[in-house]
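# need coordinates for the below:
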Amino acid sequence: VEMEFPTGVIDELIQDSEAVSALEALDINPLDYKRLSDIFDPDNGGTVTLGDIGEGIRRLRGDPRRSDVICLDLMMRSIQRDIKVVHSQMASSTSPTSQL
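Here you go, the predicted model:
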């Protein structure tokens, strides 16, 4: 079982000069420091694991590549398609004829 801790710990940690030095050594952009607790919490549950932190750091290192942008674009398109399907299903289930 992997230990979980509140995302607030990350917010406190980035105030520590040693932690900031470690992030710099890992080539993490300083503009991302204030968002690390959100970035490391993929399910937005308010807690993170060491695995979440490791994965987040791995993804943040260095400059974004074109493949990163394309991957995000494809994921957003997929989500948009899913939302349209759900919206369509909701609209059809609340139409006046469906209430008869």
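# any stretches of the chain with poor pLDDT?
1, 95-100 (pLDDT under 70).
# which stretches of it form strands?
Assigned by DSSP state E, the chain shows strands spanning 4-6, 47-49.
# output the contacting helices and strands for the helix ranked longest in the chain.
Ranked by number of residues, the top helix in the chain under DSSP state H is helix 66-93. Of the remaining helices and strands, none touches helix 66-93 by 3 or more CB pairs under 8 Å, 6 or more residues apart in numbering; DSSP states H and E. For every residue, glycine as well, the C-beta is placed using N, CA and C.
# what's the offset of that helix from the middle of its chain?
17 Å (CA atoms, centre = their mean, to the nearest Å).
# kindly report the same for stretch 49-58.
11 Å.
# buried residues in that stretch, which are they?
T49, D52, I53, G56, I57 (16 or more other CB atoms under 10 Å).
# the last one and I28: what is the separation?
Spelled out, it's I57. Using CB to CB, to the nearest Å, I57 is found at 7 Å from I28.
# identify the residues contacting N44.
By CB atoms under 8 Å, 6 or more residues apart in numbering, N44 lies in contact with D38.
# list phi and psi for it.
With angles defined as degrees, to the nearest 10, N44 sits at phi 60, psi 40.
# neighbours around A22, how many?
The burial count assigned to A22 is 13, neighbours taken as other CB atoms under 10 Å.
# count the neighbours of D32 for me.
With other CB under 10 Å as criterion, D32 counts 14.
# list the contacts for it?
Shown in contact with D32 (CB under 8 Å, 6+ apart): I39, L60.
# go with 6 Å
Taking CB atoms under 6 Å, 6 or more residues apart in numbering, we find D32 in contact with L60.
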